[in-house]
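Peer 1: sequence first, predicted model second:
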Amino acid sequence: MRKVTTIHPPAGLPWATACVLLAMATVVAAAASAQAAQAPGRVLAQQATREKSLWITSDHARHEALKQPFASGPQVTQACLSCHNQAALQFHKTIHWTWMDPSTAQSAQLGKGGLSINNFCVNIQSNEARCTSCHAGYGWKDKNFDFSDQSRVDCLVCHEHTGTYKKYPAGAGNPVSAPTLITGNGKTYLPPDYNKVAQSVSRPSRKNCGTCHFSGGGGDGVKHGDLDASLFKPNKALDVHMGLDGQNFDCVRCHSTSLHHIAGRVYATPAATERKSLIEDDLTSKITCESCHSDAPHKNHAKANDHTDRVACQTCHIPAFARVNPTKMWWDWSKAGKKKDGKPIALKDELGKPAYMTKKGEFRWARNVKPEYYWYNGSIRHVTVKDKIDPSRPVPLSEPVGTPNDPNARIFPFKVHRGKLPYDKVNKTLTIIHLFPKTKDDKAAYWKGYDWAKAIQYGMDYAGLPYSGEFDWVETSYVFPTTHMVAPRENVVACGECHTASGSRLAGITGVYMPGRDNIRWLDAIGWLAAAGALAGVLLHGLTRLFTPMLQNKDGRKEKSSC
């Protein structure tokens, strides 16, 4: 009988092999990390962010024009224009000045400076003095504002770096000229030290941008779920680009400028018409993810690279918005006006945010919100107060443009804010509400007289629009593309959160087949038959291997015994 000899490897070899493999993996990971740190454009980005002195060519504290006594903002602007003599003319053509979409016909009046409607404070018409506290200009208190006056441009609100320059909330974009107390919150506004402020100017900082954009709609995190005060000093876990322990980018690192036009979407106008990387064109805008990361940002042959033609980077890399501070998700104006003992009511929710205010109605807030997903090509369709609506269903005041067949469309994450607004029952249009009183005795303003009929009539008359005098309430929605609060790669959306038949994040996305989420019966049947056949083949093969030696041994014993 032949003896079978089993050869055993040295006992230490598996452990040695494991150690070698671990060491190799460590070296490869370190090399990959070093390569990522030196990725195209990253070094320049870090220099622009962390070594700002490399880009500064003038010390404004030494300019004689900025040492003269100033009594107002427009006087500072005139001093700025003595050197930067094209700046105001450039700025006059931007959305930050006009509050209108510059790429849409003027007759459409698309923009919050025109006839667009949102479901926050609705429209600025007849409310200019309050709304324009976030306008980069001075004195826009009514429809007679002179948009051609260069001295009305507010250079300081975007460029000062002292952090002391404040516009008065109801001052039509002007700071106060004497200490002024706000009786509602007890806060006192002080006149700026114009010399100190003017001599501090530099490139816009996160503080400059966030002062308005983090608190749009009347408070922190009200509008944009991915923009709030938590981004003034975020950590990397909240946003890998803006985190102080991450890249520490300012807003203008991505929202770059050209002739004072700041890169970004403007109502119906996409942020970028082409998806180019800086490797392809070093003059391309830096506003898209592809600008720095290209359309294949993952390792070679990684499956994730196959998604970028249909799925936006943000869809995977922003698993939730409002991850630190809550954001407003619902605003019901129809509930406004309630009082207790003749006095206004103010209630807060479990998050410490306003749940009800007599002057504004009912609110709902949320934190760590999962986005809603839509096909999106970079353009958003907006409703104006002139457009006919169908009050029998929720009215989309803004909605993403894009279809599965649109080559420029991607599956994109959005915050969707919902609420109720008044509409004209006869004309089937939305309405403009006069909210902010122009004088102490302005009873037509809702925040003074609490009379909806008067407030709507005044607002529509002010805008020169027809109004039947009859109103009711309609539910509305308003969308915000989610592009900030980019999570670290270890916290991205897991594959199984979308590729699942139950509770998929992309359950509402149509026009595309998603493995795991979708099924085709005949294809599934073929797949299951193939799997069953493969399993049967494996079992048959295994059983054959198991029983054949047994049969051979049995036959061998019989043959031996017969001898």
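Peer 2: Arrived safely. Quick caveat, the model's predicted, so the values are computed rather than measured. Numbers count the residues shown, from 1 in each chain.
Peer 1: number of residues surrounding the closest residue in space to residue 370 that isn't next to it in sequence?
Peer 2: Leaving aside its sequence neighbours, residue 370 sits nearest to residue 320 (CB to CB, 6 or more residues apart in numbering; 5.5 Å). In this view, the C-beta of every residue, glycine as well, is placed from N, C-alpha and C. Neighbourhood size, residue 320 [other CB atoms under 10 Å]: 19.
Peer 1: how about residue 490?
Peer 2: The local packing of residue 490 (other CB under 10 Å) involves 6 other residues.
Peer 1: next one: the one 3 residues further on
Peer 2: For residue 493, the neighbour count with other CB under 10 Å is 19.
Peer 1: that one contacts residue 319, correct?
Peer 2: Yes: Residue 493 lies in contact with residue 319 (CB atoms under 8 Å); the separation is 4.9 Å.
Peer 1: quick one: distance of the longest helix along the chain to the chain centre.
Peer 2: The residue-count maximum for a helix in the chain (DSSP state H) belongs to helix 521-562. With CA atoms, centre = their mean, to the nearest Å as the basis, helix 521-562 stands 59 Å off its chain's centre.
Peer 1: same check, this time on stretch 72-89
Peer 2: Computed by CA atoms, centre = their mean, the chain-centroid distance of stretch 72-89 equals 32 Å.
Peer 1: before we move on, what about stretch 101-108?
Peer 2: Centroid separation for stretch 101-108 versus its chain: 23 Å, with CA atoms, centre = their mean.
Peer 1: after the strand of greatest length in the chain, which helix or strand is next? Please name it.
Peer 2: Across the chain, the longest stretch assigned as strand under DSSP state E is strand 410-424. Helices and strands here follow DSSP states H and E; after strand 410-424, the next one along the chain is strand 429-430.
Peer 1: that following strand: what's the following helix or strand?
Peer 2: Downstream of strand 429-430, the next assigned helix or strand under DSSP H and E is helix 446-449.
Peer 1: which residues touch the residue nearest in space to the middle of the chain?
Peer 2: Here the mean C-alpha position of the chain is nearest to the C-alpha of residue 482 (CA atoms, centre = their mean), at a distance of 3.3 Å. Residues counted as contacts of residue 482 (CB atoms under 8 Å, 6 or more residues apart in numbering) are 225-226, 314, 318, 321, 371, 412-415.
Peer 1: of the residues you listed, which is the most crowded?
Peer 2: Scoring those on neighbours with other CB under 10 Å, the highest-scoring entry is residue 225 at 30 neighbours.
Peer 1: leaving aside the residues next to it on the chain, what's closest to residue 410?
Peer 2: Nearest residue to residue 410, sequence neighbours excluded (CB to CB, 6+ apart): residue 312, at 4.1 Å.
Peer 1: what number of residues lie near that neighbour?
Peer 2: By other CB under 10 Å, 23 other residues sit near residue 312.
Peer 1: quick check: it touching residue 376?
Peer 2: Yes: counting by CB under 8 Å, residue 376 is a contact partner of residue 312 at 7.3 Å.
Peer 1: joint contacts of the two?
Peer 2: Counting by CB under 8 Å, 6+ apart, the shared contacts of residue 312 and residue 376 are 410-412.
Peer 1: what's the separation between residue 373 and residue 474?
Peer 2: Remark: distance between residue 373 and residue 474 (CB to CB, to the nearest Å) = 25 Å.
Peer 1: and residue 292, by the same measure?
Peer 2: The gap separating residue 292 from residue 474 is 42 Å, by CB to CB.
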